[in-house]
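**Q** Structural data only, the sequence is not supplied:
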């Protein structure tokens with residue numbers, strides 16, 4: 001069990017580092033790009049976000065449909081849908097205030 005946990009941690013560090021690099025390379029960390037996006041002067045970041053969400057949406061559903069397993073843990077790709085609860089509404093409200 002310890003080896004599986006270590007493999008999961010190493011994979012998380014590698015994927016997290018790669019994701020951070022790609023965010024920087026895609027200019028998601030640029031204050032000027034973010035300001036221009038929020039002022040609707042440059043739609044680049046919106047296009048990147050929406051295309052990433054579309055690819056992720058399609059990809060996760062394909063993985064679930066074909067009963068794929070996670071590469072590191074071997075767990076079945078699945079999720080549980082639940083109705084919004086009070087803590088979801090509170091969290092959304094606090095996020096919106098930010």
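**A** Yep, it's here. Treat the numbers as computed from the prediction; the structure is a model and nothing was measured. Residues are numbered from 1 along each chain as shown.
**Q** Can you name every helix or strand that the worst-scoring helix or strand of the chain on mean pLDDT contacts?
**A** In the chain, the helix or strand scored least confidently by mean pLDDT, DSSP states H and E is helix 2-25, which has a mean of 86. If contacts are counted by 3 or more Cβ pairs under 8 Å, 6 or more residues apart in numbering; DSSP states H and E, helix 2-25 sits against no helix or strand. Where C-beta positions appear, they are placed from N, C-alpha and C, glycine not excepted.
**Q** How far away from the center of its chain is it?
**A** Its chain's average C-alpha position is 13 Å from that of helix 2-25, according to Cα atoms, centre = their mean, to the nearest Å.
**Q** Let me see the residues that make contact with that helix.
**A** 29, 71-73 (Cβ atoms under 8 Å, 6 or more residues apart in numbering).
**Q** Identify, from those, the entry nearest to residue 97.
**A** residue 29 (22.9 Å; Cβ to Cβ).
**Q** Pull the contacting residues for that closest one.
**A** residue 23.
**Q** which SS state does it fall under?
**A** coil (DSSP: H, G, I helix; E, B strand; the rest coil).
**Q** how much space between it and residue 40?
**A** Using Cβ to Cβ, to the nearest Å, one obtains 20 Å as the distance from residue 29 to residue 40.
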